[in-house]
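Enquirer: Below: sequence and its predicted model.
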Amino acid sequence: MAPQAAPTSQRNIPVQIALRRESLLTRLAEGHFSDPQDYRAQLLAARLSLMAGFDELVCLESLNFEPFDYQIRAAQTALRRFRGRGLLCDEVGLGKTIEAGLILKEYLERGMVRRVLILTPPGLVEQWREELATKFDLAEFVTSSDPAFRAAGMGAWERFPLLIASLTTARLSRHRRAIAKIEYDLVIVDEAHYLKNRSSVSWKFVNALQKKYILFLTATPLQNNLEELYNLITILKPGQLKTPKQFRRQFVAEGEDPRLPKNRGRLRELLADVMVRHSRGQVSARLPPRRAHTIRLQLSPEEQAFYERVSALVRSLSYPPGGDSPSGGEGNVPPLNSTLRFALRTVQREIGSSPAAVRPTLLKLARQPALAAYREELRALAESALDIPSWAKAGALEQLLTSLLSSKEDRVIIFTHFRHTLDRLASRLRRLGVDFALYHGGLSLAEKTHAIERFERVVPVLLSTEAVGEGRNLQFCHTMVNFDLPWNPMRIEQRIGRIHRIGQLHQVEIYNLSARGTIEDYLLDILDRKINLFELVVGEVDMILGHLTEERDFEELVLEVWMQARSEAEVAAGMEQLGEALAQAGAAHKRAKAYDEALFGEDFSAG
């Protein structure tokens, strides 16, 4: 349903607000306001007094980007028609987070909400924080992993009014008790299909929250049966679909596929009062194709030996022979805590990038009391990183860049995760005579903006860490190189999403550098072969990983396969098993998409 046209008086709101602004500015200049904040408060109050309901969004002027019309309409629908309790179900990649952010920002600017809890899968917590800070200027949000939050103990849930936390963390019994006492103005749940089972801890936890407004985000509200959809709607709007028994009698066909309803038209009418959904066809969000190229290279003998030595140490620290936890022989190293395990994962990723990247981490590990038995070995490995004369990946990159730039590819972005690798590559490109812009997290905002402007207008190459994902859109570039590969497919997708997004006019070319026999080599193989990662629609990776596991980080699964393997054959077998699990998750996602389409179809829209 399309939004109704605003009355004539509402169409004149911008003119009336402009006149009111001039009047207030005059009074500010004459000293009527002691604080500019008073002026801004007066202006907002004046604006709100001229508006009926949510026919106009006051937040649009304070955004750091320009949302699409359909996203604005979705926000207005949720605010006006759903009264802040609704299900945002756009197809993947169309911006459900943007729609939820608009609703959140509008409520905050109108002073209608003060306490907000955003619940997401663990891997999306930081992504939400980044989106809210960069696009909506909402940098006040705290996450449950922040040091300040952890230092506050159980009182942190009450102390911080704007919070982002993983659902996995929040539903733990010790946290659940603290959260249950708090009255929230707005709760947002991303990937809300995890609440499909009303007997689960997650469903009971969210249902019991004290909340005025609540938003669910999911591209696949229907996965296994219609009762899952009923369970979601019941949290949002109890009674909308009547009792479970009445719902089954009216909409579930006995003996038929439990995901296909009878009385489809009536069910869609009821859903339109609580759910908004846009398909790609409805919003004309067609993107040009993207094509991936894998450049497999061979490490030099010195590099290969170094890679194997570091990998062997990582394995011995994690799963020593004859035990499930590191024993360290004479040193009796205690079981790894989460910090040390994360450090070992970092080491294994760094050696896939460059010897320069891994050296500082090896030296840091050598200073850890828990690894005293390995101190000399760690220091020796760190020093040997300086003695490796070759860098096969950098050589392959130089050849690729020479080819790309000579064939008139006008812009190329090169991604690496590690700052030490970035600095070494910068030196190589200078010697090669390639002009480039440098982008990393250590730059100021002005320096970052200048780097992007140079890349767009002057230099052919942007050499960047992951930091360029912070709200920067680079559609003017259509060629990217993954110098090193994130182990999490979502991170790979986020890199690609910087250039393969609405506004891109050219086919996107992605080049992946992969050294034979490394983790990245195995990982790239299963991602491409099992789920066709580089051909997926933006956002589908998240959905597939959601079908694979709700609790564990994908990088942990990869590391576990690598650490437990004692031979190349065991690595291959373990990676193949992980790839098969990915393939099954991809198939489950396709089935869910098919059933969603059968129920909702192209013509469903509550907006």
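Expert: Structure received.
Enquirer: which parts of the helix ranked longest in the chain are buried?
Expert: The longest helix of the chain (DSSP state H) is helix 568-599. Neighbour counts over helix 568-599 (16 or more other CB atoms under 10 Å) mark 571, 574-576, 578-579, 581-583, 585-586, 588-589, 592-593, 595-596, 599 as buried. Just so you know, the C-beta spots here come from the backbone N, C-alpha and C atoms, and that holds for glycine as well.
Enquirer: Output the lowest mean pLDDT helix or strand found in the protein.
Expert: The helix or strand of the chain with the poorest confidence is helix 8-11; it has a mean of 36 (mean pLDDT, DSSP states H and E).
Enquirer: so how far is the longest helix of the chain off the chain centroid?
Expert: Here helix 568-599 is found 20 Å from its chain centre; the criterion is CA atoms, centre = their mean, to the nearest Å.
Enquirer: tell me what that helix is packed against?
Expert: Counting contacts by 3 or more CB pairs under 8 Å, 6 or more residues apart in numbering; DSSP states H and E, helix 568-599 is packed against helix 264-271, helix 519-531, helix 540-548, helix 554-564.
Enquirer: what angle separates that helix from helix 264-271?
Expert: Orientation of helix 568-599 against helix 264-271 (axes from the mean of the first three to the mean of the last three CA atoms, to 10 degrees) gives an angle of 100 degrees.
Enquirer: so H500 sits right up against V508, yeah?
Expert: Yes: when contacts are counted by CB atoms under 8 Å, H500 is listed as touching V508 (4.5 Å).
Enquirer: what sits in contact with each of these two?
Expert: When CB atoms under 8 Å, 6 or more residues apart in numbering defines a contact, the residues bordering H500 and V508 alike are 288, 290.
Enquirer: can you map out the helices along the stretch 51-200 of the chain?
Expert: Along the stretch 51-200 of the chain, the segments classed as helices by DSSP state H, counting those that start in this stretch run 69-76, 96-109, 125-136, 147-151, 156-159, 167-170, 173-179.
Enquirer: Which of those has the lowest mean pLDDT?
Expert: Mean pLDDT is lowest for helix 125-136 among the helices of the stretch 51-200 of the chain, at a mean of 88.
Enquirer: How about residues contacting it?
Expert: 59, 63-65, 97-98, 101, 104-105, 118, 120, 138-139, 141, 143-145, 164-166, 190, 469-471, 494.
Enquirer: Over to stretch 157-167?
Expert: With CB under 8 Å, 6+ apart, stretch 157-167 has contacts from 114-122, 125, 128-129, 132, 138, 140-144, 148-149, 152, 175, 178-179, 181-182, 189, 194, 202, 205-206.
Enquirer: mind listing what's buried in it?
Expert: Buried, per 16+ other CB under 10 Å, within stretch 157-167: 157, 160-167.
Enquirer: And that stretch, how far out from the chain middle?
Expert: 18 Å.
Enquirer: gap between the two ends of it?
Expert: End-to-end distance for stretch 157-167, by CA to CA, to the nearest Å: 13 Å.
Enquirer: Show me the strands in the stretch 351-500 of the chain, by range?
Expert: 412-415, 436-439, 461-464, 479-482 (DSSP state E, counting those that start in this stretch).
Enquirer: all strands for the stretch 1-150 of the chain, in order.
Expert: For the stretch 1-150 of the chain, applying DSSP E, counting those that start in this stretch gives strands covering 85-88, 116-120, 142-143.
Enquirer: Pick the most buried one from those.
Expert: Across the strands of the stretch 1-150 of the chain, averaging neighbours per residue (mean count of other CB atoms under 10 Å) puts strand 85-88 on top, at a mean of 27.
Enquirer: which other helices and strands contact that one?
Expert: Using 3+ CB pairs under 8 Å, 6+ apart, strand 85-88 sits against helix 96-109, strand 210-217, helix 226-236, strand 275-276.
Enquirer: Out of the ones you listed, which one sits most buried?
Expert: strand 275-276 (a mean of 27).
Enquirer: helix or strand right after that one?
Expert: For strand 275-276, the succeeding helix or strand toward the C-terminus, using DSSP states H and E, is helix 280-283.
Enquirer: which residues does the spatially closest residue to A394 that is not a sequence neighbour contact?
Expert: Leaving aside its chain neighbours, A394 sits nearest to R428 (5.3 Å; criterion: CB to CB, 6 or more residues apart in numbering). By CB under 8 Å, 6+ apart, R428 lies in contact with 394, 397-398.
Enquirer: Let's have these in TSV, adding neighbour count and distance to A370.
Expert: Formatted as TSV, these follow (neighbours: other CB atoms under 10 Å; distance: CB to CB, whole Å):
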residue	neighbour count	distance to A370
A394	18	34
L397	23	37
E398	17	41
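Enquirer: okay, the residues you listed in a markdown table with pLDDT and distance to A382 next?
Expert: Supplementary listing: these in a markdown table, determined by pLDDT from 0 to 100; distance: CB to CB, whole Å:
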| residue | pLDDT | distance to A382 |
| --- | --- | --- |
| A394 | 95 | 20 |
| L397 | 96 | 24 |
| E398 | 95 | 26 |
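Enquirer: Just want to know which of H500 and V508 has more residues nearby.
Expert: More crowded of H500 and V508, by other CB atoms under 10 Å: H500, with 25 against 21.
Enquirer: ok, that one to Q76 distance?
Expert: 29 Å (CB to CB, to the nearest Å).
Enquirer: cool, and T168?
Expert: From T168 to Q76 the distance is 32 Å (CB to CB).
Enquirer: Could you do F554 as well?
Expert: From F554 to Q76 the distance is 36 Å (CB to CB).
Enquirer: again with F160
Expert: With CB to CB as the criterion, F160 and Q76 are 29 Å apart.
Enquirer: before we move on, the earlier item: between the buried residues of stretch 157-167, which is nearest T465?
Expert: Comparing the buried residues of stretch 157-167 against T465 with CB to CB places I164 closest, at 22.9 Å.
Enquirer: Any idea what that closest one is bridged to?
Expert: Counting by DSSP bridges, I164 forms beta bridges with I118, T143.
Enquirer: where's it relative to G517, distance?
Expert: Distance of I164 to G517, given as CB to CB: 39 Å.
Enquirer: wait, L287 sits on I502?
Expert: Yes: between L287 and I502 there is a contact under CB under 8 Å: 7.0 Å.
Enquirer: re earlier: out of T168 and Q76, name the residue with the larger neighbour count.
Expert: Comparing T168 with Q76 by neighbour count (other CB under 10 Å), the higher total belongs to Q76, at 22 against 16.
Enquirer: since we're on the closest residue to that one other than its chain neighbours, how many residues are nearby?
Expert: Distances taken as CB to CB, 6+ apart place F54 nearest to Q76, at 5.4 Å, with adjacent residues excluded. Neighbours of F54 under the rule other CB under 10 Å: 20.
Enquirer: for F54, what are its contacts?
Expert: By CB under 8 Å, 6+ apart, the contact list for F54 reads 76, 79-80, 106.
Enquirer: Greatest separation within those: which pair is it?
Expert: Greatest spatial distance among the contacts of F54 (CB to CB): R80 and E106, at 10.6 Å.
Enquirer: what about N532, distance to E493?
Expert: Counting by CB to CB, the gap from N532 to E493 is 13 Å.
Enquirer: Likewise for L485?
Expert: 12 Å.
Enquirer: These two - which one has more neighbours?
Expert: L485 (26 against 22).
Enquirer: so that one makes contact with D521?
Expert: No: using CB under 8 Å, L485 is not in contact with D521, being 9.1 Å away.
Enquirer: between these two, what contacts are shared?
Expert: By CB under 8 Å, 6+ apart, the residues touching both L485 and D521 are S514.
Enquirer: nearest residue to Q577 other than its sequence neighbours?
Expert: Here the residue nearest Q577, using CB to CB, 6+ apart, is V561, at 7.7 Å.
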